[in-house]
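Undergrad: Quick one, fold the following:
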Amino acid sequence: MKLAFFGTLGLTTALSTGVMAQTELSMWYHGAGNPAEREVLVGIIDDFNASQSDWVVRLQEFPQAAYNDSVTAAALAGNLPDILDVDGPNMPNWAWSGYMQPLQLSEDAIANFLPGAIGRWQGELYSIGLWDAAVAIFARRSVLEENGIRVPTLDEPWTGDEFNAALDTLKATGDFDYPLDLGMADQSEWYPYAFSPFLQSFGGDLIDRETYTSADGVLNGDAALEFGDWWQGLFQNDLAPGTSQDMAARETGFLDGRYALQWNGNWTALPAIEKYGDDMLFLPAPDFGNGPKIGAASWQFGVSANSDHPDGATAFIEFAIQDKYLAAFSNATGLIPATSTAAALTENYKPGGQLEVFYELSAQQGELRPVTPGYIVMSPLFRKALADIANGADPADALDAATDAIDADIARNNNYGF
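TA: Numbers count the residues shown, from 1 in each chain. Got it, this is the predicted structure:
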């Protein structure tokens, strides 16, 4: 019988023959503390390690709150792993900063993927995700019908005027603490992910996507000011709870019947179905004039720039994006599988499944956050502007301040390569 051991270089050596076997690949993952995700990922790693004799993946897990700082510190020290987990909107910054290298997957391998699961920078593929997420208006059919409010569809979403009228109607019933819950308690990436699509539907944006060199005229132009006035009105008119909302109210308010509508993601959909059954609806975003939009892109896998084994890292990623694994992640977490063929293998996203609508919402309404290294600066600036406006600041002043800060950052960084 041949004996094997893991040496200091991470190589398994067959002592009796001297033949080199599996080369170790290090992998970092942000999901420590999430047992459902971890179980599926460990299963994929075990399957990959057993499927071939060239590579063995070793997983190191981090809490999500500490993960990005850990990557930055490791990059500065030259100690990045072979395989990185990266949040989709952060990928361009990591690629621009030299943390990542292009991913050598063929276009055929990703042809059926949702756009939000594909990470490109400067025309090259850098990352690919096993899932995406989508946001919808949570509602009850009975509430809408009792108040004469049309049930919107993907083909015919509410117009901005219809949406505003629905909020006024629901408020006038006196049956709810608020007609709409936006999730203002979650003062994190939720703000730009969930709320910048409203700005884009009005015709504004966080940056001019034609050049990616300035936010002037798009974050503080006429369309953005119209958005800002509308946004502030939601809180001044008691149509939605503001920044003082606590997370407990966010998590239970709709389920307890205190909010008529809720802007929330597919990851919270199953408890709503369990509570309201066939009365539960997941409605598309309203169209404020430039199309209905929701956020896109979630966590994805890529190869670090200083990996000595990009071929092995790529081989693992290509193995991991098989439909059966995309479906397994979806079944375990409730997230949207990244391909239609994987969706067909799931309980909730298959044709006729309880969450099928979210796949179509992602495919038809998904809008990537600005694909630029500067997004990591834009995100907290936009979050602050929205919070300030909600709390009574002049919308023009708040949006001008964010615009000036974004443009100053772009100038300091020589336009981030644009």
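Undergrad: ranges for the helices of the stretch 301-418 of the chain?
TA: Taking DSSP state H, counting those that start in this stretch to define them, one finds helices in the stretch 301-418 of the chain at 310-320, 323-333, 340-343, 356-365, 375-390, 395-412.
Undergrad: I'd like to know which of the ones you listed is closest to residue 301.
TA: helix 310-320 (4.9 Å; C-beta to C-beta). Glycine gets a C-beta too; all of them are placed from N, C-alpha and C.
Undergrad: tell me the contacts of residue 74?
TA: 80-81 (C-beta atoms under 8 Å, 6 or more residues apart in numbering).
Undergrad: what's the angle between the strand or helix carrying it and helix 375-390?
TA: In the assignment (DSSP states H and E), residue 74 maps to helix 64-77. With axes from the mean of the first three to the mean of the last three C-alpha atoms, to 10 degrees defining the directions, helix 64-77 sits at 140 degrees from helix 375-390.
Undergrad: who's in contact with the helix or strand following helix 64-77?
TA: As assigned by DSSP H and E, the chain's next helix or strand after helix 64-77 is strand 83-87. Applying C-beta under 8 Å, 6+ apart, the external contacts of strand 83-87 come out as 25-31, 57, 67-68, 71, 94, 99-100, 119, 127, 189, 297-304, 307, 313, 316-317.
Undergrad: could you point out which element follows strand 83-87?
TA: Using DSSP H and E, the helix or strand that follows strand 83-87 towards the C-terminus is helix 91-96.
Undergrad: related to what we said a few turns ago, would you turn the helices of the stretch 301-418 of the chain into TSV with mean neighbour count?
TA: Below are these laid out as TSV (neighbours: other C-beta atoms under 10 Å):
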stretch	mean neighbour count
helix 310-320	20
helix 323-333	20
helix 340-343	20
helix 356-365	21
helix 375-390	21
helix 395-412	18
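Undergrad: Next, format these as JSON lines and append distance to residue 290 and mean pLDDT.
TA: Written out in JSON lines, the entries for the helices of the stretch 301-418 of the chain read as follows (distance: least, C-beta to C-beta, whole Å; pLDDT from 0 to 100):
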{"stretch": "helix 310-320", "distance to residue 290": "35", "mean pLDDT": "98"}
{"stretch": "helix 323-333", "distance to residue 290": "31", "mean pLDDT": "96"}
{"stretch": "helix 340-343", "distance to residue 290": "27", "mean pLDDT": "98"}
{"stretch": "helix 356-365", "distance to residue 290": "12", "mean pLDDT": "97"}
{"stretch": "helix 375-390", "distance to residue 290": "18", "mean pLDDT": "98"}
{"stretch": "helix 395-412", "distance to residue 290": "17", "mean pLDDT": "98"}
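Undergrad: how about these, which one is nearest residue 151?
TA: For residue 151, the closest of these is helix 356-365, at 12.3 Å, according to C-beta to C-beta.
Undergrad: For the closest one, name the packing helices and strands.
TA: Helix 356-365 is packed against strand 135-140, strand 280-283, strand 294-296, strand 336-337, helix 340-343, with contacts defined by 3 or more C-beta pairs under 8 Å, 6 or more residues apart in numbering; DSSP states H and E.
Undergrad: Run the angle between it and strand 135-140 for me.
TA: If you take the same axes, to 10 degrees, helix 356-365 sits at 140 degrees to strand 135-140.
Undergrad: contacting residues around the closest residue to residue 303 other than its chain neighbours?
TA: The shortest distance from residue 303 to any non-neighbouring residue, by C-beta to C-beta, 6 or more residues apart in numbering, is to residue 313 (4.3 Å). By C-beta under 8 Å, 6+ apart, the contact list for residue 313 reads 25, 82-83, 303-304, 307.
Undergrad: Residue 189 versus residue 313, what's the distance?
TA: For residue 313, the distance to residue 189 (C-beta to C-beta, to the nearest Å) stands at 26 Å.
Undergrad: same question, residue 363
TA: Residue 363 is 22 Å from residue 189, where distance means C-beta to C-beta.
Undergrad: ditto for residue 29
TA: In this view, residue 29 and residue 189 are 18 Å apart by C-beta to C-beta.
Undergrad: can you check residue 325 too?
TA: For residue 325 relative to residue 189 (C-beta to C-beta), the value is 25 Å.
Undergrad: Residue 29 and residue 189 - which one has more neighbours?
TA: Per other C-beta atoms under 10 Å, whichever of residue 29 and residue 189 has more neighbours is residue 29, with 23 against 16.
Undergrad: Got phi/psi on the more buried one?
TA: Main-chain torsions, residue 29, degrees, to the nearest 10: phi -140, psi 140.
Undergrad: Burial check on the closest residue to residue 139 other than its chain neighbours, number of neighbours?
TA: Leaving aside its chain neighbours, residue 139 sits nearest to residue 281 (4.6 Å; criterion: C-beta to C-beta, 6+ apart). Residue 281 sits with 20 neighbouring residues when counted by other C-beta under 10 Å.
Undergrad: And residue 281, how close does it get to residue 162?
TA: Separation of residue 281 from residue 162 (C-beta to C-beta): 15 Å.
Undergrad: Quick one: low-confidence residue ranges for the stretch 51-200 of the chain.
TA: Applying pLDDT under 70 to the stretch 51-200 of the chain flags no residue at all.
Undergrad: Contact partners for residue 376?
TA: Contacts here follow C-beta under 8 Å, 6+ apart; on that basis residue 376 touches 89-90, 93.
Undergrad: and if we set it to 6 Å?
TA: Counting by C-beta atoms under 6 Å, 6 or more residues apart in numbering, residue 376 touches residue 93.
Undergrad: Let me know the distance separating it from residue 384.
TA: For residue 376, the distance to residue 384 - C-beta to C-beta - is 14 Å.
Undergrad: do residue 304 as well
TA: Applying C-beta to C-beta, the value for residue 304 to residue 384 is 31 Å.
Undergrad: Check residue 173 too.
TA: 34 Å.
Undergrad: Spit out the contact partners of residue 225.
TA: By C-beta under 6 Å, 6+ apart, the contact set of residue 225 is residue 396.
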